[in-house]
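Participant: return a 3D structure for these sequence lines:
(one chain, ligands or ions: 2)
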Amino acid sequence: MKTMTKENLKSAFAGESQAHMKYLIFADTAEKEGKPNIARLFRAIAYAEQVHATNHFKALQELNGTPDNLQAAINGENFEVDEMYPAYDAVAKLQDEKTAEKSFHYAIEAEKIHAALYDEAKKLAQNDNDIDGEEVYVCPICGYTVKGTSPDKCPVCGVSKDKFAKF
Ligand SMILES: [Fe+2]
Ligand SMILES: [Fe+2]
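Facilitator: Residues are numbered from 1 along each chain as shown. Ligands and ions are numbered 1, 2, ... in the order given. Take a look at the predicted model:
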């Protein structure tokens, strides 16, 4: 693929991905304000942006099988844990930006677990196996992720067990 087109697809993928997330967050706000139909419109268009992002990603021809996808996920999580968030956290501390510091802290704690979960999955997927059927629980406040059963309290942010999202 020609360089400019490839860069444009990457940029469009990033933009559509962000729009997708933003619209889902805006939908939650509309819902809380008692405007369920505006929320629905945001969710519908968020889905359309997901379709666009998916098309751009596929056009980049970066889609592989699950073992390779797991390795790509591991690389991304490890980069966040080893380089990105420690550096972002240091800058936030230096600039006394407490909200950003907390947000980065929540993320780095979860990413460590994500890398480990993906690593475990990759070992099985390499031999064409799936992982076990255990449920995965995610803290809605900090993103802490755990397989099996949710803890009584989130070990990272302290939120109670009943708030966890189940997958
Ligand atoms: Fe992650
Ligand atoms: Fe949490």
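
Participant: and the residue of this protein closest to ligand 1?
Facilitator: Going by Cβ to the ion, ligand 1 is nearest to residue 114 of the chain, at 3.6 Å. (Glycine included, C-beta is placed from N, CA and C.)

Participant: return the residues in contact with that residue.
Facilitator: 73, 77, 145 (Cβ atoms under 8 Å, 6 or more residues apart in numbering).

Participant: ok, so of those, who is nearest ligand 2?
Facilitator: Among the contacts of residue 114, residue 145 lies closest to ligand 2 (Cβ to the ion), at 9.6 Å.

Participant: circling back: near ligand 1, from the contacts of residue 114?
Facilitator: residue 77 (Cβ under 5 Å from the ion).

Participant: whichever strand or helix holds the residue of the chain closest to ligand 1 near ligand 2 at all?
Facilitator: Take DSSP states H and E as the rule and residue 114 turns out to sit in helix 98-125. No: on the criterion Cβ under 5 Å from the ion, helix 98-125 is out of touch with ligand 2, staying 7.0 Å away.

Participant: what's the pLDDT at the nearest residue to residue 17 once chain neighbours are set aside?
Facilitator: Distance criterion Cβ to Cβ, 6 or more residues apart in numbering; nearest residue to residue 17, sequence neighbours excluded, is residue 53 at 4.8 Å. If you check residue 53, the pLDDT there is 98.

Participant: how about residue 82?
Facilitator: Per-residue pLDDT puts residue 82 at 97.

Participant: residues near it, how many?
Facilitator: Number of residues near residue 82 (other Cβ atoms under 10 Å) recorded here: 14.

Participant: look up how far residue 115 lies from it.
Facilitator: Counting by Cβ to Cβ, to the nearest Å, the separation of residue 82 from residue 115 is 10 Å.

Participant: and if you look at residue 53?
Facilitator: 23 Å.

Participant: and for residue 13?
Facilitator: For residue 13 relative to residue 115 (Cβ to Cβ), the value is 23 Å.

Participant: okay, and the residue lying closest to residue 36 once chain neighbours are set aside sits in which element?
Facilitator: Sequence neighbours aside, residue 30 is the residue nearest to residue 36 in space, at 7.5 Å (criterion: Cβ to Cβ, 6+ apart). Using DSSP H and E, the element containing residue 30 is helix 3-32.
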